[in-house]
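Trainee: Have a look; sequence and predicted model below, questions after that.
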Amino acid sequence: MPTLTDIFAYIEAHRDESINRLIEYVSRPSISAHGIGIGETAEWLTTYLRNLGFDTEAYPTKGWPMVVGRYHRKPGKPTILFYGHYDVQPPDPLEAWVSPPFEPTIRDGRIYGRGAGDNKGQHFAQLLAIESWLKVGGELPCNVTFLLEGEEEVGSPNLAEFVTAHKELLMADLVITADGPIHEDGTPQIEYGVRGVLSFELHAKGANTDLHSGNWGGIAPQPLWKLVHLLSTMKNARGEITIPGIMEQVAPITPLERQALDNLPLDLERTMAGVGMTELDGPPEVPFYDRIACRPTLTINGFHGGYGGPGSKTVLPCSGFVKCDMRLVGGMSLAACEAAIRAHCAAVDPSIEIIVEGGMEPSRTPLESPFAQPLHRAIVKAQGVEPYHIPSLGGSLPDYVYTKILGIPAFVVPYANADERNHAPNENIIIECYINGIKTGAALLEELAK
Ligand SMILES: [Zn+2]
């Protein structure tokens, strides 16, 4: 077995080659939203993984294929499932790019091109890490499965079904995703979870037609007031969700999570000034990062009904609705949240109809996971920096397919710079971040194999 020093030396010696090969990969358009170049890119990846010696197949789905490559030759050693996505966002608006999106260009130590950061530069770094091990030592220290999706940028519509139907193929001890940015201060981070989301509408009805607010005011029921009254029982002025059965689901913050949350840097003034905020939502006593990582939310996305035009119109509208979303955290489930909301609405105002638009389960891997320390050590060995530990991102990604369908711990270890401009013009990856990604990927294999 080679040492990590040998592997790092190999990675350093092949720096330029690694850069040129990423440039070649990024120059292949693979825009899932427009169906451009996806099949060809899946084929290119399949060939690449086969040449590495992985048992590889591109599995068709109702959408774009899932490329799965497996190296399972280390009985008794752990199996790592690496997830990435080979599709990219559409590059529009084209005129805002300094260099064309599919003609990757190096400027100021960065590779510019659509997919450079999101996500080609990141999963390709992981692939080159694997390749480095194979080139230097002829084998990997543990088992590896690579899952590359072609529909992440259109919401992963077939991922859950694919994972459910291929549990045995994909089963592993843990899953690692290299996606998203590292911290804006340049510190690497390990992310243990994502919030879920439940989207729903509340519809209120009154008479069968809009009415005169003088002739009918005081007689006809008022749908918009009904909604106001109901909403006021769902979240109070302190900012607390008051629907019975919601907060009860929230997983308590573990001691390691407490420590990790308290360790995250915060410049509250700058954060608030950045978006022009002069106050925070409640409750006031909840620390900043707890709000994002460990608390559910109830947001009114839109309140619709009645007259909103110029001047006055003394109308008594006959209907109205609100669109809401609830962000779910560890311990919570879509089914339990929907049931709690339905029960609460039925108790407060049974005339209001609830329409659930859709949702995504939350995912949380405890920081107490036995894989957390090996991941931490791998980052320190590769980059010489202690990573932040983020118990959960505020947004929603389909990590639940691993933690809930496969039942394995899931970690996100991003390699891209915070200003990668993913989804925007002039997407880029800092070359140093990319090379650090290859080294970190190599170190992960060794640390996890222990
Ligand atoms: Zn993306």
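Mentor: All right, it came through fine.
Trainee: quick one: low-confidence parts of the stretch 301-450 of the chain?
Mentor: Counting by pLDDT under 70, the stretch 301-450 of the chain contains no low-confidence residues.
Trainee: where along it do the strands fall?
Mentor: Along the stretch 301-450 of the chain, counting by DSSP state E, counting those that start in this stretch, strands occupy 315-316, 319-328, 353-360, 363-364, 388-390, 410-412, 428-430.
Trainee: May I see those organised as JSON lines, with distance to residue 396 and mean neighbour count added?
Mentor: C-betas here are computed from N, CA, C, even on glycine. Output for the strands of the stretch 301-450 of the chain, formatted as JSON lines (distance: least, Cβ to Cβ, whole Å; neighbours: other Cβ atoms under 10 Å):
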{"stretch": "strand 315-316", "distance to residue 396": "38", "mean neighbour count": "18"}
{"stretch": "strand 319-328", "distance to residue 396": "7", "mean neighbour count": "21"}
{"stretch": "strand 353-360", "distance to residue 396": "5", "mean neighbour count": "15"}
{"stretch": "strand 363-364", "distance to residue 396": "9", "mean neighbour count": "26"}
{"stretch": "strand 388-390", "distance to residue 396": "15", "mean neighbour count": "20"}
{"stretch": "strand 410-412", "distance to residue 396": "13", "mean neighbour count": "24"}
{"stretch": "strand 428-430", "distance to residue 396": "24", "mean neighbour count": "27"}
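Trainee: so which of those gets nearest residue 285?
Mentor: Relative to residue 285, the nearest member of the strands of the stretch 301-450 of the chain by Cβ to Cβ is strand 319-328, separated by 19.5 Å.
Trainee: and this protein, what are its domains?
Mentor: What automatic domain parsing lists as the domains of the chain is 4-194+363-449, 196-250+296-360.
Trainee: Return the most buried member of those.
Mentor: Among those, domain 4-194+363-449 has the highest mean neighbour count (mean count of other Cβ atoms under 10 Å), at a mean of 20.
Trainee: Between the two ends of that one, what distance do you get?
Mentor: The first and final residues of domain 4-194+363-449 sit 13 Å from each other (Cα to Cα, to the nearest Å).
Trainee: same thing with stretch 88-103?
Mentor: 14 Å.
Trainee: ok, back up a step: could I get the domains of the chain as a markdown table with distance to residue 262?
Mentor: Converted to a markdown table, those look like this (distance: least, Cβ to Cβ, whole Å):
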| stretch | distance to residue 262 |
| --- | --- |
| domain 4-194+363-449 | 11 |
| domain 196-250+296-360 | 18 |
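Trainee: List just the one of these that sits closest to residue 260.
Mentor: Residue 260 sits nearest to domain 4-194+363-449 of all the domains of the chain, at 3.9 Å, using Cβ to Cβ.
Trainee: same question for stretch 173-187, mean pLDDT?
Mentor: Stretch 173-187 shows a mean pLDDT of 95.
Trainee: correction: stretch 143-151
Mentor: 98.
Trainee: chain center to that stretch, what's the gap?
Mentor: Using Cα atoms, centre = their mean, to the nearest Å, the mean C-alpha position of stretch 143-151 is found 16 Å from that of the whole chain.
Trainee: Ok, stretch 246-260 next?
Mentor: With Cα atoms, centre = their mean as the basis, stretch 246-260 stands 20 Å off its chain's centre.
Trainee: Nearest the geometric middle of the chain, what residue?
Mentor: For the chain, residue 397 is the residue whose C-alpha lies nearest the centre (Cα atoms, centre = their mean; 3.5 Å).
Trainee: Okay, that residue and residue 337: tell me how far apart.
Mentor: From residue 397 over to residue 337 the distance is 18 Å, taken as Cβ to Cβ, to the nearest Å.
Trainee: quick one on the thing from earlier: list the contacts for the residue nearest to the centre of the chain?
Mentor: Neighbouring residues of residue 397 by Cβ atoms under 8 Å, 6 or more residues apart in numbering: 194, 360, 363.
Trainee: these two touch, right, the first one and residue 365?
Mentor: Spelled out, that is residue 194. No - the pair residue 194 and residue 365 does not pass the contact test of Cβ atoms under 8 Å, sitting 10.2 Å apart.
Trainee: before we move on, back to that, just put the contacts of residue 397 in JSON lines and tack on distance to residue 206.
Mentor: Output for the contacts of residue 397, formatted as JSON lines (distance: Cβ to Cβ, whole Å):
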{"residue": "194", "distance to residue 206": "40"}
{"residue": "360", "distance to residue 206": "34"}
{"residue": "363", "distance to residue 206": "41"}
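Trainee: Among the residues you listed, which one sits closest to residue 229?
Mentor: Ranked by distance to residue 229 (Cβ to Cβ), the contacts of residue 397 are led by residue 360 at 29.6 Å.
Trainee: Quick check, that closest one in contact with residue 401.
Mentor: No - using Cβ under 8 Å, residue 360 is not in contact with residue 401, being 9.9 Å away.
Trainee: Can you say which of the strands of the stretch 301-450 of the chain is nearest to residue 293?
Mentor: strand 388-390 (6.9 Å).
Trainee: How about residues contacting that closest one?
Mentor: The contact list for strand 388-390 (Cβ under 8 Å, 6+ apart) reads 183, 187-192, 256, 260, 263-265, 293, 367, 372, 376.
Trainee: now the helices for this structure?
Mentor: Applying DSSP state H to the chain gives helices spanning 4-13, 15-26, 38-51, 120-137, 159-165, 167-170, 223-232, 255-262, 268-274, 288-293, 334-348, 372-383, 400, 431-449.
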